[in-house]
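> Okay, here's the prediction I keep looking at, along with the sequence it came from:
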Amino acid sequence: MSTPRRALITGITGQDGSYLAELLLEKGYEVHGLRRRSSTFNSSRIEHLYQDPHEPGTRLFLHYGEITDSARLIALLREIQPHEVYNLGGQSHVGSSFDEPEHTAETTAVGAVRLLEAVRLSGVDCRFYQASSSAMFGPDADVPQSEASPFRPRTPYGAAKLHAHWATVTYREGYGMFAVNGIAFNHESPRRGETYVTRKISRAVARIQAGLEDYLYLGNLDVTRDWGYAPEYVDAMWRMLQADQPCDYVIATGTSFSVRDFVVAAFDHAGLDWEKHVRCDERYIRPTRESLLIGDAGLVKRELGWEATVHTQELVKIMVDADIAAVGHEGEPWIDRPKVGG
Ligand code: NAP
């Protein structure tokens, strides 16, 4: 039997990390994940994948560590000898980056540099995926945004991602590493964190329908986003590391919806009148101008055959149905929750 390919995922306990771990396990990989030590369980999204590390045939291994700890990263790379490294870990919330700009830079920007440098110093021969973001384009961007569009971020998160993006390009060109950036537009799922706007909406719809709450508080409803479905986006990440040449790609649906559109569709799907339940809360309005985000994913389609098939209207239904099924099950591992839409 041939030795399985090994992958290391930072951010394995997050939305994308959990779907990517599933995908790679399905493909026969040995999957190693960096998880943060926390005083409460932070592994509910991957609980259903858990395998006893002592059992023969186990292919999922979790390692405590942080993207802020260079020595740990180097030691783990030497121990695991991965063929592929996916850097998905770090502070990933745009709104929170205004409250924690330094922490965001430390984990999201310098974290990526640390991991790239750890790969270089450890001498491990691996391919590297960096989770870049449409937040790098900013409010004055071309519409739609492609790989050739200029980056002019206006959030601490976008600026941190831009640092990591160019660091990845620098290691590719400077050291000949197979290091690539996936410039991913927003992608969501029932596993999206509860503080992100789409999940906030789907969860509130479910709780309002169940009579557990009356109101949903949101910021600017006119903000537009290109929202895709996370399980499809991790497939694009994997394809990027199988390519003949290292190349950066936009990963997007190519369609754009406003937060209001998402709200209306979500409440409609549950048979509720959104205007009776949605209130504006100034605290959620960001201090800088919002971007009109819509991605041109033509290159990844032409070169890697990847295309989004789930668009916002279907995504809304997947998320609302999952949250309706999950009402009363919050905090439980995914394996114990009703299985709806992943
Ligand atoms: P997520 O659900 O917030 O997951 C973030 C992951 O990073 C979690 O596993 C988190 O661990 C981990 N993490 C946070 N700080 C860390 C640290 N100091 N050291 C090690 N790990 C740390 O985010 P996601 O939606 O899966 O996104 C994955 C990546 O893609 C992120 O880098 C994000 O910025 C980027 N991205 C996401 C989108 C999107 O729409 N989802 C779009 C573009 C780019 P805990 O579970 O312990 O908190």
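Looks like it arrived, so ask away.
> can you give me how far the longest helix anywhere in the chain is from the chain middle?
Across the chain, the helix with the greatest residue count (assigned by DSSP state H) is helix 156-175. Remark: helix 156-175 is offset 17 Å from the chain centroid, using Cα atoms, centre = their mean, to the nearest Å.
> So which bits of it are buried?
For helix 156-175, a neighbour-count test (16 or more other Cβ atoms under 10 Å) marks 156-169, 171-172 as buried. Backbone N, C-alpha and C define where each C-beta goes, glycine included.
> From the rest of the structure, what touches it?
Residues from elsewhere that reach helix 156-175, judged by Cβ atoms under 8 Å, 6 or more residues apart in numbering: 87, 90-94, 96-98, 100-101, 104-105, 108-113, 116, 119-120, 128, 130, 132-133, 135-138, 151, 153, 177-181, 183, 246, 248.
> could you redo the last one with a cut-off of 6 Å?
Contacts to helix 156-175, defined as Cβ atoms under 6 Å, 6 or more residues apart in numbering, come from residues 94, 97, 101, 104-105, 108-109, 112-113, 116, 120, 130, 132-133, 135-136, 151, 153, 177, 179, 181, 246.
> for stretch 199-215, same thing?
192, 194, 216, 262-263, 266-267, 270, 277, 279, 319-320, 323-324, 327.
> buried subset of those?
R192, L216, F262, V263, A266, F267, A270, H277, M319, V320, D323, I324.
> Need the max-distance pair from those.
Farthest-apart pair in the buried ones among the contacts of stretch 199-215 is R192 and H277; separation 20.1 Å (Cβ to Cβ).
> just checking, which of the contacts of stretch 199-215 belong to strands?
Residues of the contacts of stretch 199-215 located in strands (DSSP state E): L216, R279.
> ok, E303 to A179 distance?
E303 sits 17 Å away from A179, going by Cβ to Cβ, to the nearest Å.
> For the ligand, give me its nearest residue in the chain.
G14 (2.1 Å; Cβ to the nearest ligand atom).
> how many other residues sit next to that residue?
Look at G14: counted by other Cβ atoms under 10 Å, it has 23 neighbours.
> which residues touch the nearest residue to it once chain neighbours are set aside?
Nearest in space to G14, with sequence neighbours left out and distances taken as Cβ to Cβ, 6 or more residues apart in numbering, is L88 at 6.2 Å. By Cβ under 6 Å, 6+ apart, the contact list for L88 reads T10, G11, D16, G17, A131.
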